[in-house]
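A.B. asks: Fold the following, please.
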Amino acid sequence: MLQSIHDKSKGILGIVIVILIGATFALWGVGDYLTGATEKAAARVDGVEISQSEFEQGMARQRQRLEQMFQGEVPDSPLFQQQMKQQVLDQLITQRVLQKMAEDEGYRVADQVLAQRIKSMEAFQQDGVFAKDSYQAIVESQGMSVKEFENLFRTDLTVQQLQDAVMGSAIIGKAELNIINQLQNQARTINYLQFDNSQFTGSIEVSDTDISDYYDRNKARYMHPETVSVSYVEFKSDDLASDIPVDEEAVRRLYDEYVSSIAGREQRKARHILIQTPADADAEALKASESKLQDLLKRIKNGESFAELAKSASEDPGSAANGGDLGWVSKGMMVPEFENALYKLEKGQVSDIVKSSFGYHIIQLDDIKSETVASFESKQAELTEQFKSQLIEDSFYEKSELMATTAYENDQSLQEVADVLGLTIKTTAAFTRAGGTGIAANEKIRKAAFSPTVLGEGRNSEIIEVEKNHALVLRVNSRTETSQKSLEEVKAQVTAALRAEKARSKAQEAALTALVKLEQGETIDSLAGSAKLVKAGAVTRSSQSVSPQILNTAFSMKKPVGKPVYKVVDLPVGAAVIELTEVTQPAEASNEDLGVLAGQFSNEQANRDMMAVIDYLKSQSDITRSDEL
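C.D. replies: Model (predicted):
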């Protein structure tokens, strides 16, 4: 039960609480709303405080959401933390102004609607049914009372009504849709001359002076990166396997549990005849019901059909018409009195009269379906491995806890950790933030080694789980600061970079020269010998036959009138001159096509409308923020 609550609070409900009804705030997120705080305000909206505790809880939930999204790898830089603070505070302010508008406009959520929405949440259900105890425990595990959660949820549902009203009223007119169609499906006929850097590389000469000057201008590009070497102690679960003794009695208990589990999965096909007895039935009525069943039981024993008697005499409306057939049932599905009697029967056997809270029954067992129980000898190796795996897991956890505690309490050395756990201190080769060999190939190791605590303060790291059942603690052994590479070391790199830079300049110069010639009346075909000529033909905004740079530039050019227009564009591999010869407008869209466009752009329009409402509400509100966040 507790484990289930823990799992749900980290799963479905964790998401509900972190991004409560996240669809409601798909544009801007959701802030937490807990009333009654009296401490210093993080912000004020029209004189109403957003308390520091609201802000801190919003930060905690935003961090939890990011950890779930990025698997715990949340940046810890001051800049990122400050941006997250501003984002959370903006979310809280946004919710507050929307909440005020919803209240002013009379939006409300009835108690029945709130209850139904909560009961429908999967996180609060067990076996498909709302479980009140689980609901209370899960909510409280998130650090809030049931009342606080319900107030929070009611507030968000109220604001959702407002959002639905605003976004549901978004309309895109026919004229606007026609303009969108024109822009989306317009075609432009283009050709272009492409001048590649590689055309000019072979003719470029660079002198030692050029190389030296380029190196001096770009020294920051040519640095030896900072490196560290770390010492570490590690252990793996595989190292523990040889120390695990086999307990034959424990293995036998596992086998007994296996046998019980197989028995628990047994299903029985049953039918019954029920004579109902009211809760307030007197002794005479009970005796009459029992007597009626005694007569039926006698007729069954004399050979009459159980199914036919059930059809005519059973008072169970769910099974009587089917001859009392209950289908396949397993343990836990029926009331205890019925179940106990059923599981004492042999196949084909009929019970004596059984009394339950529903009345009096006669039960017939039609069939039994169960898994075959394997012998102890055939399961022994598997169960022994299971037993050892559990002990190894327990031992690994205990050693991990001991390693973490010892490393923390003796954070200036690994010797104590090694002595306590009987491990050997190992040392890596030097590695950088970007990569290394051995354990330093793991990003977790590099991140820990270069962390402020380990690198800056010289302390032991926290325990690092390199992978499942492999843990270690490390500390910096040696460090090499960033240093300048000499010109001799990087001369070949500098020469190549200088050649590439000069080649790019020549490609751009050649493109500009071609542009002048084209604008003076020369044809693009006549210049094909100096560059690669591509006749792309008619292209649309979604065409993939040309590069994005060519396509975007072509659709930014003026429409040609009487003669082509030209434009130079830089490319990753050089430069090009584009010739635009024609702009072709699409045919007028049909009502069906406009309907498709309306569906595509309605959400975008709704989002713009909602953002406009938010911006307006903020502009009309008196908002002050704390300078101390």
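A.B. asks: which stretches of the stretch 51-200 of the chain form strands?
C.D. replies: Per DSSP state E, counting those that start in this stretch, the stretch 51-200 of the chain has strands spanning 125-126, 129-130, 187-196. These are given in chain order.
A.B. asks: What is the neighbour count of Ala514?
C.D. replies: If you count neighbours by other C-beta atoms under 10 Å, Ala514 ends up with 22. (C-beta placed from N, C-alpha, C; glycine too.)
A.B. asks: If you could redo that for Leu391, that was the one I meant.
C.D. replies: Leu391 has 18 neighbours, counted by other C-beta under 10 Å.
A.B. asks: Can you classify it as helix, strand or coil?
C.D. replies: helix (DSSP: H, G, I helix; E, B strand; the rest coil).
A.B. asks: since we're on Gln142, how many residues are nearby?
C.D. replies: Gln142 is flanked by 17 other residues according to other C-beta under 10 Å.
A.B. asks: Tell me how far it lies from Leu527.
C.D. replies: 70 Å (C-beta to C-beta, to the nearest Å).
A.B. asks: next one: Phe306
C.D. replies: Separation of Phe306 from Leu527 (C-beta to C-beta): 99 Å.
A.B. asks: Show me which of those two is the more surrounded one.
C.D. replies: The neighbour comparison of Phe306 against Leu527 (other C-beta under 10 Å) goes to Phe306, with 20 against 17.
A.B. asks: Tell me what the residue nearest to the more buried one when sequence neighbours are not counted is bridged to.
C.D. replies: Excluding its sequence neighbours, the residue lying closest to Phe306 (C-beta to C-beta, 6 or more residues apart in numbering) is Gln364, at 4.9 Å. Note on Gln364: beta-bridge partners by DSSP bridges are Arg271, Val350.
A.B. asks: quick one: contacts for Gln364?
C.D. replies: Neighbour list for Gln364: 270-272, 306, 324, 345, 348-351 [criterion: C-beta atoms under 8 Å, 6 or more residues apart in numbering].
A.B. asks: thought Val373 was touching Ile262?
C.D. replies: Yes: under the criterion of C-beta atoms under 8 Å, Val373 makes contact with Ile262 at 5.1 Å.
A.B. asks: Confirm that Ser505 sits in a helix.
C.D. replies: Yes: the assignment for Ser505 by three-state DSSP puts it in a helix.
A.B. asks: Report how many residues lie close to it.
C.D. replies: For Ser505, the neighbour count with other C-beta under 10 Å is 14.
A.B. asks: ok, so what distance separates it from Gln199?
C.D. replies: With C-beta to C-beta as the criterion, Ser505 and Gln199 are 13 Å apart.
A.B. asks: re the thing from before, report pLDDT for the residue nearest to Phe306.
C.D. replies: You'll see Gln364 listed with a pLDDT of 95.
A.B. asks: again, but for Val454
C.D. replies: 95.
A.B. asks: low pLDDT regions in the stretch 1-150 of the chain?
C.D. replies: Along the stretch 1-150 of the chain, the parts satisfying pLDDT under 70 run over 1-39, 70-73, 76.
A.B. asks: Mind jotting down where the helices sit in it?
C.D. replies: Under the criterion DSSP state H, counting those that start in this stretch, the stretch 1-150 of the chain contains helices at 2-10, 12-18, 52-69, 78-104, 111-119, 132-141, 146-168.
A.B. asks: I'd like to know which of the ones you listed lies nearest to Gln493.
C.D. replies: Among the helices of the stretch 1-150 of the chain, the nearest to Gln493 by C-beta to C-beta is helix 78-104 (31.2 Å).
A.B. asks: Pick out the residue nearest the middle of this structure.
C.D. replies: Among the residues of the chain, the one closest to the centroid is Met69, at 4.5 Å (C-alpha atoms, centre = their mean).
A.B. asks: Ala320 and Leu309 touch, don't they?
C.D. replies: No: in this structure Ala320 lies outside contact range of Leu309 using C-beta under 8 Å: 10.2 Å.
A.B. asks: Report the contact partners of Ala41.
C.D. replies: Ala41 is in contact with 49-52, 626, counting by C-beta under 8 Å, 6+ apart.
A.B. asks: Quickly name whichever of those residues is closest to Lys535.
C.D. replies: Minimum distance to Lys535 across the contacts of Ala41 is 61.6 Å, recorded for Ile50 (C-beta to C-beta).
A.B. asks: give me the low-pLDDT residue ranges for the stretch 351-500 of the chain?
C.D. replies: For the stretch 351-500 of the chain, the stretches flagged by pLDDT under 70 are 371.
A.B. asks: Next, count neighbours for the residue lying closest to Ala320 once chain neighbours are set aside.
C.D. replies: Among residues not flanking Ala320 along the chain, Ser314 sits closest, at 4.1 Å (C-beta to C-beta, 6+ apart). Ser314 is flanked by 25 other residues according to other C-beta under 10 Å.
A.B. asks: Mind pulling up the pLDDT for Ser314?
C.D. replies: Note on Ser314: pLDDT of 93.
A.B. asks: who's in contact with the residue nearest to Ile623 when sequence neighbours are not counted?
C.D. replies: Distance criterion C-beta to C-beta, 6+ apart; nearest residue to Ile623, sequence neighbours excluded, is Val45 at 5.5 Å. Residues in contact with Val45 (C-beta under 8 Å, 6+ apart) are 93, 96-97, 100, 621-623.
A.B. asks: Please report which of those has the highest neighbour count.
C.D. replies: Highest neighbour count within these, by other C-beta under 10 Å: Arg96, with 26 neighbours.
A.B. asks: That residue and Val48 touch, don't they?
C.D. replies: Yes: contact criterion C-beta under 8 Å: Arg96 and Val48 qualify, at 6.7 Å.
A.B. asks: quick one: the residue lying farthest from the centre of the chain from Ser312, how far?
C.D. replies: Relative to the centre of the chain, and counting by C-alpha atoms, centre = their mean, the farthest-placed residue is Asn302 at 65.6 Å. As judged by C-beta to C-beta, Asn302 and Ser312 stand 16 Å apart.
A.B. asks: Surely Tyr360 is in a strand?
C.D. replies: Yes: counting by three-state DSSP, Tyr360 is part of a strand.
A.B. asks: Bridge partners for it, pull those for me.
C.D. replies: Ile275, Lys355.
A.B. asks: who touches it in this structure?
C.D. replies: Counted by C-beta under 8 Å, 6+ apart, Tyr360 has contacts 274-275, 277, 289-290, 293, 353-354.
A.B. asks: for Ile363, same thing?
C.D. replies: Neighbouring residues of Ile363 by C-beta under 8 Å, 6+ apart: 270-272, 338, 341-342, 345, 350-351, 354.
A.B. asks: which one of those residues is nearest Val230?
C.D. replies: Leu342 (65.3 Å).
A.B. asks: May I ask you to confirm that that closest one is in contact with Ser351?
C.D. replies: Yes: with contact defined as C-beta under 8 Å, Leu342 reaches Ser351; the gap is 7.5 Å.
A.B. asks: who has more neighbours, the two?
C.D. replies: Between Leu342 and Ser351, Leu342 has the larger neighbour count (other C-beta under 10 Å), namely 21 against 18.
A.B. asks: Give me the pLDDT for that one.
C.D. replies: Predicted confidence (pLDDT) for Leu342: 92.
A.B. asks: Distance of it relative to Ile300?
C.D. replies: 16 Å.
A.B. asks: same deal with Asn218?
C.D. replies: For Asn218, the distance to Ile300 - C-beta to C-beta - is 100 Å.
A.B. asks: ok, Ala471 touching Ser461?
C.D. replies: No: using C-beta under 8 Å, Ala471 is not in contact with Ser461; the gap is 11.1 Å.
A.B. asks: of those two, who's got more company?
C.D. replies: Comparing Ala471 with Ser461 by neighbour count (other C-beta under 10 Å), the higher total belongs to Ser461, at 25 against 21.
A.B. asks: contacting residues for the more buried one?
C.D. replies: By C-beta under 8 Å, 6+ apart, the neighbours of Ser461 are 407, 448-449, 451, 453-454, 473-475.
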